[in-house]
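S.K.: Build the 3D model from these lines:
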Amino acid sequence: MLTRETIRKMTQDTTFKRGLQIYYSKNRVTEFNVTEQRGTGRRAMMVRDMVTARVRLSAAENCKVRLEYDRDSELLITSSCDCLAFTNGGGVCKHCVAVLLKYADWRVKQGLYTRPEGNYSKIQADAAPAAAGNAAADADGASDATGGTTADSVDPAPAPAPVEVYVPKELTTPMMKNLLEKRTRTRTAPVTEPAVHGRVRIEPVLHLSPSGDRVEFRIGADRMYVMKDTGKFKELMATGQSHSYGKNLTFTHTMDSIAPESRGIARFIMSHAGPPALGVVAPAASRLLVIDGGFCKAY
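M.R.: Model (predicted):
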């Protein structure tokens, strides 16, 4: 189910908040259109929505957003925007967020979430008060993380009233919720993290001594960071969580995010690492693993 929370998880909090402000501002999202695309043959039951819209940047400028959303898996398949933040590899930008919010609202109004029959729980669709003051800064020459000034200011539109929708009760169980969230993160990582997805390398650093040979690891895409806790890496890979190692490396921990040449090492860590270290600072032992035949095979 596409909700404000699932949209928030597709990008950074700052980007999401700015997209929310754009969404609730008058006449910022225009030419909104949804085209249904159905599969054929064995994929006849597959339904995808092709979403297009324009987001006003100033009186004379706008950017075009294109989205492809799979109704069956409830996943964003592709996204694109003409703004600099997106074209520079920033992933889902604030304009994409605004259009996604409008699309989610459109789906509720179309009744695509309303199924009161059977074992369903009634909830309210996302609704939030309009942002106070004028629309967020929208200078697209600057990064979404840095702010800026906009060429125009518009008054926010009042937030729509909450709409009652229904979700299966079985989806509210913690185990099912965690599984669905992991699946969503895994499937959307190529869209939300295009700069690092499939490029994360793991490099071993050997420590040879008479008392026993050990190995620690560095991880990164363009810049390498010390993997301070192999147990934490193991846990992140098992749960599919996103984690930041430093300013230039934040990614969702799935095997597809790891560069092909480093996946053997990732599997070695997952099979040999212990539980995550307790406390804020991991001890040195959490970085080191004993070298055995499994490491030589992985490397």
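
S.K.: Same question for the helix or strand hosting residue 21: list its buried residues.
M.R.: Residue 21 is part of helix 13-23, with elements assigned from DSSP states H and E. Neighbour-count burial for helix 13-23 flags 15-23 (criterion: 16 or more other C-beta atoms under 10 Å). Backbone N, C-alpha and C define where each C-beta goes, glycine included.

S.K.: same thing with stretch 261-277?
M.R.: Applying a neighbour-count criterion of 16+ other C-beta under 10 Å, the buried positions in stretch 261-277 are 262-263, 265-270, 272-273, 276-277.

S.K.: Reformat the residues you listed as TSV; add pLDDT.
M.R.: Putting the buried residues of stretch 261-277 into TSV (pLDDT from 0 to 100) gives the following:
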residue	pLDDT
262	93
263	92
265	92
266	92
267	90
268	90
269	91
270	88
272	86
273	85
276	74
277	66
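
S.K.: Which parts of this protein are helices?
M.R.: Counting by DSSP state H, the segments of the chain that form helices are 4-8, 13-23, 84-85, 94-109, 174-192, 230-239, 263-272, 293-298.

S.K.: which one of these is the most hemmed in?
M.R.: The highest mean neighbour count among these belongs to helix 94-109 (a mean of 23), with neighbours defined as mean count of other C-beta atoms under 10 Å.

S.K.: what helices or strands is it leaning on?
M.R.: Here helix 94-109 is seen to pack against helix 4-8, helix 13-23, strand 29-38, strand 47-56, strand 62-70, strand 75-81 when contacts are counted using 3 or more C-beta pairs under 8 Å, 6 or more residues apart in numbering; DSSP states H and E.

S.K.: what's the nearest residue to residue 207 if we skip its chain neighbours?
M.R.: Distances taken as C-beta to C-beta, 6 or more residues apart in numbering place residue 214 nearest to residue 207, at 4.7 Å, with adjacent residues excluded.

S.K.: quick one on the thing from earlier: between the helix holding residue 21 and helix 94-109, how many degrees?
M.R.: Using axes from the mean of the first three to the mean of the last three C-alpha atoms, to 10 degrees, the inter-axis angle of helix 13-23 relative to helix 94-109 is 60 degrees.

S.K.: thinking again about what came up before, weakest of the helices of the chain in terms of mean pLDDT?
M.R.: Looking at those, the lowest mean pLDDT belongs to helix 293-298 (a mean of 63).

S.K.: follow-up on the earlier one: I'd like the helices of the chain as TSV, with distance to residue 66 appended.
M.R.: Shown next, in TSV, are the helices of the chain (distance: least, C-beta to C-beta, whole Å):
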stretch	distance to residue 66
helix 4-8	16
helix 13-23	16
helix 84-85	15
helix 94-109	9
helix 174-192	12
helix 230-239	31
helix 263-272	32
helix 293-298	40
